[in-house]
Every structure is written in structure tokens, then in C-alpha cells.
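> After the sequence you'll find the predicted model.
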Amino acid sequence: MAEALLLASHLLLALALIAASLSHLLTAAVAHLSPAHTTTTNRLRLLRHPLLRLLPVLAAVPFPFLPVAPTSRLLPFLLLPPLLLPLPLPFLPPTHLPPLTPLLHSLPLLLLARAAALLSAAFPASDLQAHALSVAALLLLAAAAASLLAALSPPRTAHHFLADTAFAFAGTVGGLWALQTGLTLYVDACVPVGCHRLIDAALAPATRCDVDEARLQGVAVMDLMLSVHCLVAAAAVAGLYLGVAKCCGVDAGGRRQNGAGGSYEALPMVTSSGAIQEMEHLPMMKGVVGKAVAQE
């Protein structure tokens, strides 16, 4: 029963992270490429709803009440405060505590990273949960750094958009990692060879490897899948950005098309007579130009 709840929580968290990250990148790309396009901005108003931004937080709320680690008695004190802290942030007015807003957006991610590191240390080294939580802590740290940079950068600038892109990338990879760890740790068909789930665990379900060679092989497989997740997330981020650029009429060089036909403004061409007149102003070329005109 505990394994089913943990698997369902992982799947829900994965979907929430991917949806929130890609929607955040979509709104950031539209704001960066087409800030004056009011029609597109109004269509994306639903993606800026506070409830959509709170999806990952709401999906992670059940984790403190699940038997995630042997230190489950301390788990609510580790995870609940970081999860409850960002709940009122999307509903605050933009001018409310502007100097503290970047810190309040990044502090929950930093606290969650610290909690994930503590939970990872609570598992034995032979359990795959320790490696899964350590990678989750690194992803949370990357998301916290990107969130802090995005909040401190001036809006609608290249640095702000790059930070938003990094934040969406970290969130997408985190969602894929949550999906993979849920399947690897709590589904028998996906458990690495040489490892097994402890069904009779008294405190928390665990996936333990019998020998160190099996643990290293399982960690290598998980790291390989993490690399695949990074490639998939990068392709999704690049495809979404290119799609928004195409819809907004921006080419690869950053130039904006004039109309529906996709034409660009042509550069003014200099006629041959105008070129000859300009060349006549040069003292060294007067004789050459005069001879060429006389021969014609």
C-alpha cells in the first residue's frame, strides 16, 4: 500500500512539475519575443494563474505524510515549512515587499534541497533512494539559483529570459527524474538487476542492492536515464522557444518579419551613376573614372 501511494505521488509530482515548467517558459518566451502583442498575452492569461504556479507545491504536500525515509518522524518538520512558505506568494500584489520577493521565491527551493540531502543521508548507501534524493537535491539547488537570478534580473532582458529558461529546464528535468525514480524504486519490472524492494520494511519502503557491484550498476543506469532526461528537456525547451518565435514572426537572427508573407525590408541599392559620382570625389580615382567614361 505504501509503495502504491509513493508511486502515485511521484507521478503526480512529475506531471505538475513538467506542466508548470513548460507553461512558465511559454509565458516568458512570449513576453520576451512579443511584449506588445496583446492578443497573445490575453490568450496566455490562464497560464499565469496562481493555481497553476502552485501545482508542484500542492503535488508535493503529501510527501511529508508518507513513509519516505527511516527518519519519517522528522519528515513533516523538514518538508512542510518549505512547502507552506510559497503558498501566499502568487496572491500577493506585485509591489508587496519587492526587496524580499526574490528571497521568498528561492528560499523554499533551498530548504527543500537541504531536506532532500538530509533524507538522502538517512538511507543506507546500499539503497537506491539515497542516490535518487541526492540528485533531487542538486536539481532543487539549480532551480533555486535560476529562480534567484530571474527575480534579480531586469524584466524583458536577455539575462532574465536565460534565467527563466534555466528555471524551466531544471523543473522539466526534475519532473522527468521524479517519474523515473517512482518507476525505478517502486515498480518491480523497473528495478535494476541485483536490487530488490524491501517489502517487510518496518519504517519505509526501500530498494536495496545485495552487492556493491549491483548498486553501482543501478546508479549508472539511473545516471544514464538522467542524461536522456536532460536531452529531452533541452529539446522540449528549444522546440517551445522556436514555436513561439515562429508564431511571433521572429526569425533565427532575431529579425522581425514585416507581414504575413514573411518578407523583410530590402536594403537600399546604390545605382551605378551614384557610385561613379561618389568615386569622383576621391582624388586618386578621378582620372580612372574619367577614362572609363570617355571609353564608353
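The structure has been received and is ready for your questions.

> contacting residues around Ser9?
59, 62-63, 66, 182 (CB atoms under 8 Å, 6 or more residues apart in numbering). For the C-beta atoms, the positions are set from N, CA and C on the backbone; glycine is no exception.

> Sorry, slip of the keys, the one I care about is Pro64.
With contacts defined as CB under 8 Å, 6+ apart, Pro64 is in contact with 75-76, 78-80, 83.

> among the contacts of Ser9, which one has the lowest pLDDT?
When the contacts of Ser9 are sorted by pLDDT, the bottom entry is Leu66 at 84.

> Could you find the closest non-adjacent residue to Asp164?
For Asp164, ignoring the flanking residues on the chain, the nearest one in space by CB to CB, 6 or more residues apart in numbering is Ala28 at 4.0 Å.

> Tell me the gap between the host helix or strand of that neighbour and the middle of its chain.
Following DSSP states H and E, one finds Ala28 within helix 2-33. Remark: helix 2-33 is offset 10 Å from the chain centroid, using CA atoms, centre = their mean, to the nearest Å.

> Can you mark which positions in that helix are buried?
3, 5-7, 9-10, 12-33 (16 or more other CB atoms under 10 Å).

> quick one on the thing from earlier: show the buried residues in the contacts of Ser9.
By neighbour count, with 16+ other CB under 10 Å, those hold 59, 63, 66, 182 as buried.

> Can you lay out those residues as TSV showing secondary structure and distance to Cys209?
Below are the buried ones among the contacts of Ser9 laid out as TSV (DSSP: H, G, I helix; E, B strand; the rest coil; distance: CB to CB, whole Å):
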residue	secondary structure	distance to Cys209
Ala59	helix	29
Phe63	helix	24
Leu66	coil	22
Gly182	helix	18
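
> Not counting residues beside it along the chain, what's closest to Ser34?
Cys248 (4.1 Å).

> pLDDT value on the one you found, please?
At Cys248, pLDDT is 71.

> is it true that it touches Leu26?
No - with contact defined as CB atoms under 8 Å, Cys248 does not reach Leu26; the gap is 11.8 Å.

> what separates Pro64 from Leu78, distance-wise?
8 Å (CB to CB, to the nearest Å).

> In this protein, spot the helix with the most residues.
Counting residues, the longest helix found in the chain (DSSP state H) is helix 212-247.

> host element of His196?
Using DSSP H and E, His196 sits within strand 195-197.

> quick one: contacts of that strand?
3, 128, 185-186, 188, 191, 205-210, 214-215, 218.

> Can you turn the buried part of these into a PyMOL selection?
Filtering the contacts of strand 195-197 down to the buried ones (16+ other CB under 10 Å) takes a single PyMOL command:
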select buried, resi 3+128+185+186+191+205+206+207+208+209+214+215+218
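
> Could you tell me which of the contacts of strand 195-197 are located in helices?
Among the contacts of strand 195-197, the members found in helices (DSSP H) are 3, 128, 185-186, 214-215, 218.

> Could you pull up the residues touching the closest residue to His160 other than its chain neighbours?
Residue nearest to His160 in three dimensions, not counting chain neighbours: Ser153, with 3.9 Å by CB to CB, 6+ apart. For Ser153, the contact set (CB under 8 Å, 6+ apart) comprises 159-160, 163.

> List buried residues within the residues you listed.
For the contacts of Ser153, buried by 16+ other CB under 10 Å: 160, 163.

> Sort out which one of the contacts of Ser153 lies nearest Ala137 for me.
Ala137 has its nearest neighbour among the contacts of Ser153 in Ala163, at 20.4 Å by CB to CB.

> Next, work out how far apart the closest one and Leu25 are.
For Ala163, the distance to Leu25 - CB to CB - is 11 Å.

> What lies in contact with the helix or strand harbouring His105?
Per DSSP H and E: His105 is located in helix 101-122. Residues outside helix 101-122 that contact it (CB under 8 Å, 6+ apart) are 57, 68-71, 75, 78-79, 81-83, 85-86, 89, 97, 129-134, 136-138, 140-141, 143-145, 147-148, 151-152.
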